[in-house]
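Q: give the three-dimensional model of this entry:
(chains A, B, C and D)
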Protein chains: 4
Amino acid sequence: MTDSKPTLGVGMVGYSFMGRVHSEAWRNVSAFFDLPVRPVMAALGGRSREQAAAAAASLGWAAVETDWKRLIERDDVQIIDICTPGDSHAEIAIAALAAGKHVLCEKPLANTVAEAEAMVEAARAAAARGVRSMVAFNYRRVPAVALARKMVAEGRIGEVRHVRAQYLQDWIVDPEFPLVWRLQKDKAGSGALGDIGAHIIDTAEFITGRNLVGVSAVTETFIKERPLAEASSGLAASSTQEKGEVTVDDAALFLGRFEGGALGSFEATRFATGRKNALRIEVNGSLGSLSFDFEAMNELWFYDSSESDAGFRRILVTEPDHPYAGAWWPPGHGLGYDHTFVHEVKDFLEAVAEGVDPAPSFEDGLRVQRVLAAVEESAAHESRWTAL
Amino acid sequence: MTDSKPTLGVGMVGYSFMGRVHSEAWRNVSAFFDLPVRPVMAALGGRSREQAAAAAASLGWAAVETDWKRLIERDDVQIIDICTPGDSHAEIAIAALAAGKHVLCEKPLANTVAEAEAMVEAARAAAARGVRSMVAFNYRRVPAVALARKMVAEGRIGEVRHVRAQYLQDWIVDPEFPLVWRLQKDKAGSGALGDIGAHIIDTAEFITGRNLVGVSAVTETFIKERPLAEASSGLAASSTQEKGEVTVDDAALFLGRFEGGALGSFEATRFATGRKNALRIEVNGSLGSLSFDFEAMNELWFYDSSESDAGFRRILVTEPDHPYAGAWWPPGHGLGYDHTFVHEVKDFLEAVAEGVDPAPSFEDGLRVQRVLAAVEESAAHESRWTAL
Amino acid sequence: MTDSKPTLGVGMVGYSFMGRVHSEAWRNVSAFFDLPVRPVMAALGGRSREQAAAAAASLGWAAVETDWKRLIERDDVQIIDICTPGDSHAEIAIAALAAGKHVLCEKPLANTVAEAEAMVEAARAAAARGVRSMVAFNYRRVPAVALARKMVAEGRIGEVRHVRAQYLQDWIVDPEFPLVWRLQKDKAGSGALGDIGAHIIDTAEFITGRNLVGVSAVTETFIKERPLAEASSGLAASSTQEKGEVTVDDAALFLGRFEGGALGSFEATRFATGRKNALRIEVNGSLGSLSFDFEAMNELWFYDSSESDAGFRRILVTEPDHPYAGAWWPPGHGLGYDHTFVHEVKDFLEAVAEGVDPAPSFEDGLRVQRVLAAVEESAAHESRWTAL
Amino acid sequence: MTDSKPTLGVGMVGYSFMGRVHSEAWRNVSAFFDLPVRPVMAALGGRSREQAAAAAASLGWAAVETDWKRLIERDDVQIIDICTPGDSHAEIAIAALAAGKHVLCEKPLANTVAEAEAMVEAARAAAARGVRSMVAFNYRRVPAVALARKMVAEGRIGEVRHVRAQYLQDWIVDPEFPLVWRLQKDKAGSGALGDIGAHIIDTAEFITGRNLVGVSAVTETFIKERPLAEASSGLAASSTQEKGEVTVDDAALFLGRFEGGALGSFEATRFATGRKNALRIEVNGSLGSLSFDFEAMNELWFYDSSESDAGFRRILVTEPDHPYAGAWWPPGHGLGYDHTFVHEVKDFLEAVAEGVDPAPSFEDGLRVQRVLAAVEESAAHESRWTAL
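A: From the prediction side, this is the model:
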């Protein structure tokens, strides 16, 4: 059965890891959030018609297009959701916005600052015409992360002194793991830096409400050559005999300073053996601290120095009054990775329906891109301090 | 787009907490598991047409019925999914099975042993005609729980000595929390015992592969009277001025012995302040141990005494070779409560498609019901040992 | 150098595990606590002069006696510290008290209720003459446990509803581990029950300030026969070829009720593979909860339901205002197992110096003994409820 | 009673925080370790005779000296234990070594590289004459840290890729906390950097067996002025009305590279609200990882990627075959902060008795000093990479 809500047709480009999880979000958002609009999964874009059709059937899309330009042209599509690697973001997003389609674009916004700048310009022009755009930093929509931001904003940890942010994975520790697109600079822009470093930069700025003003960095590629890839899905892949050069960083570490004087320590790596998806952030303030690890995504740790018998407390962020959590299950019934995307499209749809610009904007995406560039710049120049 | 798979129409009775999460399961299972059949969300049953229609629109059901008997009669329905309180399970399930509909029934199977016995009889008769039935102990489908069972079966912890199982909640600690249906014996059968105690009984027997052979118990109702309820959703509710008697247990504790001689300690309570949904189980064997807490549902702790420098290790149960987990995201990207129901309907649909009896069967549900009855019996007779 | 404080000579009987840790306590207490008296390690009692002399030299005792009766007679001894197995406690303690010596006696107070009653009588008579006695439940002196008691007494968790107490060890999981004295009923009185079960009974009553009023129990001896022991130290031992019968329980589980209506779940076992010294207790009250595990002995977990964004918080019990902790190091510099004995003799010496009865008294020890007896009684009678 | 072992007289300078814990070590080492020599607590040096005498009586020293030069001259002193602030280390140590006394010196070795170099020269000359010296990096003697080093050396984590080291405290977060000697450059040399940063540098190099080859750093003093101090003990103090300038860093962060190519991230701060003494280190290797936090000092976390169902495991480092642990209590009975000093003097005494140079040597202390200097150099020059 359907209700009488206005609908918005969605066209999604790409149906790999990100495409699968975005599809789940579009498919479920209306069951959990009472939105002013109802998204309709109109069409899926993919180069191979056969594969795209199979994906569409499995993921719930009504049609397929083999050319993203045709997808943009469709009358039943009002939203373009970009789930491709970073090298195609700018072209697709700019064309979609020009065509008056709202755009949700995966992160990092682009592979270069120049591309990101062009996208911001397009987004601004589009916004003036009521066309919305958003970059998909999904970790902002983890209830615990959203709660952390709220608590910092309310002053519950006082003045921020330290940010300690890490994104630790280990999926390429094996030197025989193949040279997938994420390890190629022309496709991915950078390695751990842009893929996961971008997330901790955005998360740190989101939680603290402060932007980075400068960085000092080192990067490293531990394994310089890898077997060429045959096929990949998600972060897994199979390999061939031939080898190719790894053209991105395996790990990127940097120190930073935030507006207001807080110090930041950042580390993004795919070589932290045993850490699977450990996006971690701790913020120390003058009155308290907050700590989070995505591997235990339903928990936020909070220290309030004003309490007698103080201690870090494990808040299960599943209460009705916690961000997003009330839409789901009773307390203690935790959410998963994919729920963050449901929250993401919920916020996007609400902004589109209400005629306001959603956050994070392309401008937010550009700022992260500039930090990524500064990190590479500093790493290339003896770690010298690089202002933003 | 659709594929060429055969379909099975589902009719679901009830659309509250369990109905919402079952709906999500039916809606998503085909996107993550490549099943031999495709479920179609044919119709939703609910007494109020208006409310049922709103629920159907939000949850994705194609039609509504206000009488569950009509739901069973529908030609486009091959599966009946029972999400109502325990007092109606027997009647609906028996009717559905008699009508040749496969049945998935929420737990506890029934409110009394007699009802459960009648259901088992109906299930046996139906199975002889190729009609399948399953009771919905969803916690079996937590990847960590399924992995624990596999590891016990493989002998990795040796001979089982101890089971320590708790299901701790705190949602009625406040004496002003109203008298919802879960606190009324005629609707719910029992209190913490049947609602959450049933889960730890099933989970303990499932993981160890051993059944309980006897119990000694105490039960308690800390708050004897509560305000009458006005409206409820999930585990939350609002209350009126008038008071009524609480006719179920607030907490049930029992000791047990398993086939093979292992000792069990069980505790189900809604008065463990701060514990939100802590289904916990630890199993100690002669060679190792396993430990689980649903509040950190993506983790299984394993101790292997044969290792040098042994210690309990935190297995993030998100690897491709872990039960169910490979269907979802890369390692470290955890799942949530609702995913267990996706796994549940996946297993149910596979069994139906393959023409085999799914587990847990109504017989498994009956066995749990008998443990519940033995607990009440023992508690009523000075905790005397009560054989099963 | 010495100060002008009055001294109290100590005579200690036994120099094995408990003797070593008591010696450390006597040797160090004056360096950390500014006491009104200074203990002097006068003499050590042990049957073998050679071994006792070696122990005395290593542990810091000034002299040795091979007969505990001679130790009691010494003029330079005002305190008798009993560190022998339970079968000799009554005889030594009663003789020492009769001789006007203050007595610190290891737990369990005795091997039988009758012995414990005689000891209580002797202690009462002695107290009337200003002679003090104390039973050594050292876990009361863990700063986190003492803080927990204080918080319960202050009403910070409200009315107590649940106590969940476990003492889990695994040192005899191996069936080839030999038949040391702790596995022999004539020496040890009982097995896990008296050795470690006694501790959780005392700790539960200490923290809650409520006594148990009844129990229902099961006990088990998983391994009925073991190799005879050759030599043992601490909990380790070597074995011979010959086998003997294990005459004590390997595990004891019981349910209980406390004054005021709280429910208790208790488990003491030496078969919890991987749990080394896990004395755990959780107390749920109407307003909050407390949780403790000795394997992380510097931490107390506290849940306060009145807080916004509540959660269990990990209090590092190392602050200057925490019980005992201020005497030691700055915050975060944790204490170890042995420190609890320093606190124990500190409290004992203060009570003796101030002329008051120290706690826990022999009467407290007797009460625990009665619980142990009730557990055995219930276990022997189909787990029937046994009042205290 | 005493044994027939040869003795070594100890003279200790300073009796504040470090002096108290060193005293405990000298007082207890012979009771737990069967050493070839027996230390005798001969004399304590302190400027105020009255205070030194009171400390000596409490801590167990036989005599006092008000001039450290007199302490060195004493015939009954063969070991000088230096527990004063860093500004006096060089003078005392060099004089003691020249006088043929073995020296145990608190860390950091000195306040400047020049002083440290002079000390190394003196230590080398002394070693040629059989006189030993050691710098007191006590955290090497945490059993978990010693076990971590052993496991890395055995190749159990493979090639080291990442070191993540933090030493987090919060005792000066309050801007009204007074200007104690640790906040004054002339006394302390530096702030968090030398006090606690020195520990993580040494611990990282100790565990990995690799030295740092270069660093890039930032330092910060958040609170520039503080009330002058009246009196202090441990890390606590009281304050006056007048204010003075803080001349050391509050926090120091740096990135580094190790021999062999591993990357390091280091952070030492006294502004991590809620972190009391969190010396943390994680090492990621090509085959596994190790992780440690001093706030849970009896635990070492180990990930072994070769295991099926791998996960970080919590090794309770209390087993008989773990470094140092066998000398103490049965498994699961944890140690405290002070025990590390018992281990330290045990290793020192063994080396002296065996006529070998103990580790860490003054040279090790100098290397740490050079890292501290490089950090300050880099921080003063736009974080530029500074080679070692």
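Q: other residues contacting stretch A:346-365?
A: A:6, A:8, A:29, A:32-33, A:35-37, A:39, A:79, A:93, A:102, A:104-105, A:107-110, A:116, A:119-120, A:122-123, A:127, A:130, A:132-135, A:137, A:140-141, A:202, A:206, A:324 (C-beta atoms under 8 Å, 6 or more residues apart in numbering or on different chains). In short, each C-beta sits where N, CA and C put it, glycine included.
Q: could you check the pLDDT of residue A:307?
A: You'll see residue A:307 listed with a pLDDT of 95.
Q: same question, the one 10 residues further on
A: In the predicted model, residue A:317 carries a pLDDT score of 98.
Q: what's around it, how many residues?
A: Counted with other C-beta atoms under 10 Å in any protein chain shown, residues neighbouring residue A:317 total 26.
Q: who's in contact with it?
A: A:143-144, A:147, A:298-300, A:323, A:325 are the contacts of residue A:317 under C-beta under 8 Å, 6+ apart.
Q: and chain B, which of those contact it?
A: A:298-299 (C-beta under 8 Å from any C-beta of the partner chain).
Q: and the contacts of residue A:317, which of them are in strands?
A: A:299-300 (DSSP state E).
Q: identify the farthest-apart pair in the contacts of residue A:317.
A: A:299 and A:323 (14.2 Å; C-beta to C-beta).
Q: re the thing from before, buried ones among the contacts of residue A:317?
A: Neighbour-count burial (16 or more other C-beta atoms under 10 Å in any protein chain shown) is assigned, among the contacts of residue A:317, to A:143-144, A:147, A:298-300, A:323, A:325.
Q: report all helices and strands that the helix or strand where residue A:257 lies contacts.
A: With elements taken from DSSP states H and E, the one containing residue A:257 is strand A:251-258. Secondary-structure packing of strand A:251-258 (3 or more C-beta pairs under 8 Å, 6 or more residues apart in numbering or on different chains; DSSP states H and E): strand A:160-168, helix A:198-208, strand A:212-220, strand A:263-269, helix A:362-380, strand D:212-220, strand D:251-258, strand D:263-269.
Q: next one: it to chain centre, how far?
A: Mean-position distance between strand A:251-258 and its chain equals 18 Å (C-alpha atoms, centre = their mean, to the nearest Å).
Q: partner strands of that strand, with direction?
A: strand A:212-220 (antiparallel), strand A:263-269 (antiparallel) (DSSP bridges).
Q: just send the ones you listed back as JSON lines, with distance to residue B:197 too.
A: Putting these into JSON lines (distance: least, C-beta to C-beta, whole Å) gives the following:
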{"stretch": "strand A:212-220", "distance to residue B:197": "52"}
{"stretch": "strand A:263-269", "distance to residue B:197": "45"}
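Q: pLDDT (mean, whole number) over stretch A:286-297?
A: Rounded mean pLDDT across stretch A:286-297 is 98.
Q: kindly report the same for stretch A:239-247.
A: According to the model, stretch A:239-247 has a mean pLDDT of 90.
Q: for chain C, what's the nearest residue on the stretch 251-388 of chain A?
A: The nearest approach of the stretch 251-388 of chain A to chain C comes at residue A:313, 3.2 Å away (C-beta to the nearest C-beta).
Q: how much space between the closest residue to chain C within the stretch 1-150 of chain A and residue B:296?
A: Chain C sits closest to residue A:147 of the stretch 1-150 of chain A, with a gap of 7.1 Å, by C-beta to the nearest C-beta. Counting by C-beta to C-beta, to the nearest Å, the separation of residue A:147 from residue B:296 is 18 Å.
Q: and if you look at residue A:27?
A: 27 Å.
Q: before we move on, back to that, I'd say the residue of the stretch 1-150 of chain A closest to chain C and residue A:318 touch.
A: No. At 10.7 Å, residue A:147 and residue A:318 do not qualify as touching, with contact defined as C-beta atoms under 8 Å.
Q: pLDDT score for residue A:231?
A: So residue A:231 comes in at 69 (pLDDT).
Q: actually residue A:4, not the one I typed
A: pLDDT recorded at residue A:4 is 87.
Q: ok, and for stretch A:261-272, which residues are buried?
A: Applying 16+ other C-beta under 10 Å to stretch A:261-272 flags A:262-272 as buried.
Q: next, the distance between the ends of that stretch.
A: End-to-end distance of stretch A:261-272 (C-alpha to C-alpha, to the nearest Å): 29 Å.
Q: okay, the residue of the stretch 1-150 of chain A found nearest chain D and residue C:246: tell me how far apart.
A: Residue of the stretch 1-150 of chain A nearest chain D, by C-beta to the nearest C-beta: residue A:148 (14.3 Å). Separation of residue A:148 from residue C:246 (C-beta to C-beta): 54 Å.
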